[in-house]
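J.: Build me a model from this:
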Amino acid sequence: MEAPKGMIKIDPHVHSSGVSKCSSATVQAIVDMKMSQGYDGVVLTNHCQPWYYEPPFHTIFMRKVIAEYKEMQAYANPLGFRVLLGLEVTLSKPVFADWLLYGVTEEFLLQSPCLHALTQEELFNYCKEHGVVMVQAHPFRHGGALKERMLNTYTDFMHGIEINCTPCDLENWEAVVETAKKYALLTTCGTDYHSADRTFRGGTFVPDWVFTAEDLAKYLKETSQTEIFLEEKYLKLP
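T.: Okay, the predicted model is just below:
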């Protein structure tokens, strides 16, 4: 699907093998695959999870996250492909949930407290203080119905929710849209890319002036509607 005029097509949810243990895709392989599918860029949202490292090692791990991002940028930039820095943080308080952070900078990551040790409210307040947008990833996962999970998650402490293109999640995209409308949340869409067999397509259209993580956060905070695609389905969501 072609991007609307003045927009580019990105996948704002990808994981690379150098940081995310569940991924088998190198940064180079991700760029090659996404370019072959017509994407203009990605947000590298590698995992920040409690079972990856103990809190005292947070800064060391964040350096690894940044190094992986820079390696991807170095490969992608000469190809004209955009790579933005992001993160996916897993929390257990008040309930187990995964959070995509858009707008993170290297300074934000290096100066932050251990993010996976925070509560949802604490993470949201820290993100808000630093201009970072916080979106709940794949809200149907982990055996919970969306309605139940949303009721057990503080909707006052989040900016949006994601339509996830993984087949088990995608079947619930309409319920995600309804929930976003009910709670006045923004909606993003991404493939949760981990490996070459994930050839399904989906993503978010953003303005062509979005070159950095800060640009993306600015757009998501200011827009009244997000534009997304699921294979060949185009949606404009309030």
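J.: Surely A180 and E174 touch.
T.: No. Counting by C-beta atoms under 8 Å, E174 is not a contact partner of A180; they are 10.8 Å apart. Placement of C-beta: from N, CA and C, glycine included.
J.: Neighbour count for these two, which is higher?
T.: Counted by other C-beta atoms under 10 Å, A180 and E174 do not tie: A180 has more neighbours, with 22 against 9.
J.: ok, and the closest non-adjacent residue to the more buried one?
T.: Excluding the flanking residues, the one nearest A180 by C-beta to C-beta, 6 or more residues apart in numbering is T187, at 4.6 Å.
J.: which ones are touching that neighbour?
T.: Listed by C-beta atoms under 8 Å, 6 or more residues apart in numbering, the contact set of T187 reads 160-163, 176-177, 180, 226, 228, 237.
J.: Can you tell me which of these is nearest F124?
T.: Nearest to F124 among those, counting by C-beta to C-beta, is G160 at 11.6 Å.
J.: rewinding a little: present the contacts of T187 as CSV; the columns should include secondary structure and distance to Y193.
T.: Below are the contacts of T187 laid out as CSV (DSSP: H, G, I helix; E, B strand; the rest coil; distance: C-beta to C-beta, whole Å):
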residue, secondary structure, distance to Y193
G160, strand, 19
I161, strand, 19
E162, strand, 13
I163, strand, 14
V176, helix, 19
V177, helix, 22
A180, helix, 22
T226, strand, 19
I228, strand, 16
L237, strand, 21
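J.: Nearest to E68 among these?
T.: The shortest approach to E68 among these belongs to E162, at 21.4 Å (C-beta to C-beta).
J.: Could you give the bridge partners of the closest one?
T.: Under DSSP bridges, the beta-bridge partners of E162 are T188.
J.: I figured it was touching V133, is that so?
T.: No. Look at E162 against V133 with C-beta under 8 Å: they stay out of range, at 11.5 Å.
J.: higher neighbour count, the two?
T.: Each of E162 and V133 has its neighbours counted (other C-beta under 10 Å); E162 has more, 27 against 24.
J.: Now the top helix by length along the chain: buried residues?
T.: Secondary structure of the chain per DSSP state H: the longest helix is helix 58-76. By neighbour count on 16 or more other C-beta atoms under 10 Å, the buried set for helix 58-76 is 58, 61-62, 65-66, 68-69, 71-73, 75-76.
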